[in-house]
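1. A structural model of the following input is requested.
(chains A and B)
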Amino acid sequence: MRQCGGGGPACAQPRAVGTRARGPGDKVDAVITRLSNYFLRTLREDPSDAEVTSHRLLVRAGYIRRQAPGVFAWLPLGLRVKEKIERIIREEMNNAGAHEVHFPALLPREPFEITGRWEEYGDGLFRLKDRKGSDMLLAPTHEEAFTLLVKDLYNSYKDLPLSLYQIQDKYRDEARPRAGLLRGREFTMKDAYSFDYTDAGLDKSYQAQRDAYERIFTRLGLEYVIVKADAGAMGGSKSEEFLHPTPIGEDTFVRSAGGYAANVEAFTTLAPEPRSFEGLTPAEVLPTPDTATIQTLVDSANANHPRPDGRLWTAADTLKNVVLALRYPDGTRELVVVGLPGDREVDQKRAEAAFAPAEVEPANEDDFKANPGLVKGYIGPWSAAGPVLGADEENPSSTGIRYLLDPRVVSGSGWITGANEHGHHVFGLVAGRDFTADGTVEAAEVLAGDPAPDGSGPVELARGMEIGHVFQLGRKYAEALGLKVLDENGKLVTVTMGSYGIGVTRILAIIAELNNDENGLIWPKTVAPFDVHVVATGRDAAVFEAAETVAAALEAAGKDVLFDDRPKVSPGVKFGDAELIGVPTIIIAGRGVAEGVVEIWDRRTGERTPVAISEVVEALG
RNA sequence: CGGGGCGUAGCUCAGCUUGGUAGAGCGCUCGGUUUGGGACCGAGAGGUCGCAGGUUCGAAUCCUGUCGCCCCGACCA
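-> Below you'll find the predicted structure:
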């Protein structure tokens, strides 16, 4: 930690605990939480609008209530779990040397205008006007706000490095919110930002956050995979996502046994070596009627134009040329043609990552009408009359459309591809000899078994849910907003930044998703709303007194206790509610009380153990 | 944005085809019985049937429009 001498803003200390005055675990007094007057209503039936398990159970057990699509109110039980998760995050952020702050969700347009995000965010941004007609927004993240805050207060390299964080609600107007808390329009996020004046410093800050994330997810008991992420769109240099592997995840990632892991958008193709043209036969145009699809082309080729070596043609021997339309943020539209092996489709997400910030859509009928040189179903870079796509200065192509190749289409590789003549393909067309391209592009889908780019073996595909993201932003925001400091030599240098996010409410939902059975939730001890749920059964006053004694003793021993003291509620209802709510340890006071005994019920295993009342505190450690 | 489904009591739903004074279970209130797995009896409170037009003597029900919600896809940290 830096020296803190003569006061000033640099000396703000991270707080040991959170900003909230009180949370679970803080022993301000020993008032027992009684279910008889707790704000809770459990539902006997599943809510009809909840599909996924976490959503269903969190609503049914009285943790959250829906307010609008993707927007939820937090009830006392839900708040307690949320605060437990936040506490773990706060502890690790503070350990990593980050200082907690808190920004408003409501922000002015101007800084977002300057960084370009007012436009780039598109419909995903919640925009509103104040009474004077000024544009405001509900922040989707806070890069601009943090950058400007630091610019306001700091101007020397001596103030750096600096890491700030907040735990705060974010707003994104999702096209389709779904799955309860898993994809909401309002969600709680821990977002942190680091400020350095050297690249080495950024690396260090980034690593500190990354390490903290590993500790956080480990403490939360969440399995995670750190994958390379696509950094291009945000203009940054390095980016990794923490994905929780789960079939319901919305991200597809790849990993190899040798340790490579990447989001599919960030996967890079291991290209084969270029080959010599020597010994290759000249290209030949052959009739291939009615072969507008790859499969019909392969069948036709095998039937009518078999390979000289006896092997059958496959889709991988064909070069498929896909016409895409790129739509740029400024409204311009450009056609490109992507050439890729015929056994692969264009992956739209990968294409968009490659062509960012443009959006990608398939070419439409009008595009083909405007470019008669592209013969639908028979598109190729070459024609008898000269290049159609991807020529050089000496040999301009007839269409002038940008032509980009999959990295597998290396120089010296031969292909069957469209001859730009209806009903005809050209066989043995060799890249580098017979046609050229304007470059390569990572737009083809990734298939299981593809080699990892680092040579660590074939990859498998898996689904994951993003729970954290660490990102070296570099100087993009500092540059745009003018965040500079004086360095050791008295020169103004632009600050380099990182941003680091964790989805708090999404994590809560994933934990719920992972920890339940047919009767309800089963919280891990680290995040459970209470440590112990004491149930008094029956109507015998002695039982209620004994239960209260146990509850008070546990409170005094530092446990968070929920006491089901509801009178005139049958044991079946109380047991059902206890299971639904999911506190990991339940204590049942009932007929054993006469012998001085209660039962400790493990929610997860279902095991019930009789324990003397006097030994309950000790038994629970 | 495309496809599908649904809007009736706090919750889950029936009634709509074939128009005739708005229902059930659960929950809630009161009284009583019951109390180790969502017990029961009796008495209650609670709904302009999403909204707006139209047809009709009469509309939850038929017609038109509209709004909203959920699911799948597209999209998306």
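2. Secondary structure element holding the closest residue to A:Glu143 other than its chain neighbours?
-> Distances taken as CB to CB, 6 or more residues apart in numbering put A:Tyr477 closest to A:Glu143, at 5.0 Å, once the chain neighbours are dropped. Any C-beta I mention is one placed from the backbone N, CA and C, and that applies to glycine too. Assigned by DSSP states H and E, A:Tyr477 belongs to helix A:476-481.
3. who touches A:Gly576 in this structure?
-> By CB atoms under 8 Å, 6 or more residues apart in numbering, the contact list for A:Gly576 reads A:Asn519.
4. Tell me the spacing between it and A:Val598.
-> Using CB to CB, to the nearest Å, A:Gly576 is found at 19 Å from A:Val598.
5. one step back: who does the helix holding A:Tyr477 touch, helix- and strand-wise?
-> When contacts are defined as 3 or more CB pairs under 8 Å, 6 or more residues apart in numbering; DSSP states H and E, helix A:476-481 sits against helix A:110-115, helix A:143-153, strand A:496-503.
6. just checking, next helix/strand downstream of that helix?
-> Assigned by DSSP H and E, the successor of helix A:476-481 is strand A:484-486.
7. for chain A, what spans make up the helices?
-> A:53-60, A:76-95, A:110-115, A:117-120, A:143-153, A:199-219, A:294-304, A:348-355, A:365-370, A:476-481, A:504-514, A:541-556, A:571-581, A:616-619 (DSSP state H).
8. what about the fourth one, distance to the chain center?
-> What it means is helix A:117-120. 20 Å (CA atoms, centre = their mean, to the nearest Å).
9. residues contacting A:Thr417?
-> By CB under 8 Å, 6+ apart, the contact set of A:Thr417 is A:Thr318, A:Leu319, A:Lys320, A:Asn321, A:Gly339, A:Gly380, A:Pro381, A:Trp382, A:His425, A:Val426, A:Leu429.
10. swap in A:Val561?
-> Contact partners of A:Val561, counting by CB under 8 Å, 6+ apart, are A:Ile32, A:Thr33, A:Phe530, A:Asp531, A:Val532, A:His533, A:Val534, A:Ala551, A:Leu554, A:Glu555.
11. Flag the least confident of those residues.
-> Lowest pLDDT among the contacts of A:Val561: A:Ile32, with 86.
12. how close does that one sit to A:Glu545?
-> A:Ile32 is 13 Å from A:Glu545, where distance means CB to CB.
13. same check, this time on A:Lys228
-> Computed as CB to CB, the A:Lys228 to A:Glu545 distance reads 61 Å.
14. These two: who's more crowded?
-> Taking other CB atoms under 10 Å, A:Lys228 and A:Glu545 do not tie; A:Lys228 has more neighbours (20 against 13).
15. Which strand residues bridge the nearest residue to that one once chain neighbours are set aside?
-> Once flanking residues are discounted, A:Lys228 sits nearest to A:Ala262: 3.9 Å by CB to CB, 6+ apart. Per DSSP bridges, the residues bridged to A:Ala262 are A:Lys228, A:Val254.
16. Spatially nearest residue to the closest residue to RNA strand B within the stretch 251-400 of chain A (excluding sequence neighbours)?
-> Nearest residue of the stretch 251-400 of chain A to RNA strand B: A:Gln348, at 3.7 Å (CB to the nearest atom of the strand). Leaving out its chain neighbours, the residue that sits closest to A:Gln348 by CB to CB, 6+ apart is A:Val360, at 5.8 Å.
17. who's in contact with A:Ala448?
-> A:Pro458, A:Val459, A:Glu460, A:Leu461 are the contacts of A:Ala448 under CB under 8 Å, 6+ apart.
18. How about A:Asp290?
-> Neighbouring residues of A:Asp290 by CB under 8 Å, 6+ apart: A:Thr296, A:Ser300, A:Gly423.
19. Number of residues surrounding the first one?
-> Same thing as A:Thr296. When neighbours are counted by other CB under 10 Å, A:Thr296 comes out with 14.
20. same thing with the last one?
-> Residue crowding around A:Gly423 was assessed by other CB under 10 Å; the count is 14.
21. who's in contact with it?
-> Contacts of A:Gly423 (CB under 8 Å, 6+ apart): A:Pro287, A:Thr288, A:Pro289, A:Asp290, A:Thr291, A:Tyr378.
22. Look up phi and psi at it.
-> phi 80, psi 10 (degrees, to the nearest 10).
23. Using PDB, list the CA coordinates for stretch A:261-274.
-> Below are the C-alpha coordinates for stretch A:261-274, written out as PDB (Å, rounded to 0.1, in the frame of the first residue of the first chain):
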ATOM      1  CA  ALA A 261      -9.600 -21.800 -23.500                       C
ATOM      2  CA  ALA A 262     -11.300 -19.100 -25.500                       C
ATOM      3  CA  ASN A 263     -14.700 -17.600 -26.200                       C
ATOM      4  CA  VAL A 264     -15.600 -18.700 -29.800                       C
ATOM      5  CA  GLU A 265     -15.400 -15.100 -30.900                       C
ATOM      6  CA  ALA A 266     -11.800 -14.900 -29.700                       C
ATOM      7  CA  PHE A 267     -10.800 -18.300 -31.100                       C
ATOM      8  CA  THR A 268      -8.100 -18.100 -33.800                       C
ATOM      9  CA  THR A 269      -7.700 -20.700 -36.500                       C
ATOM     10  CA  LEU A 270      -4.500 -22.700 -36.700                       C
ATOM     11  CA  ALA A 271      -3.700 -22.200 -40.500                       C
ATOM     12  CA  PRO A 272      -1.900 -24.900 -42.400                       C
ATOM     13  CA  GLU A 273       1.400 -24.100 -44.000                       C
ATOM     14  CA  PRO A 274       1.300 -22.600 -47.500                       C
END
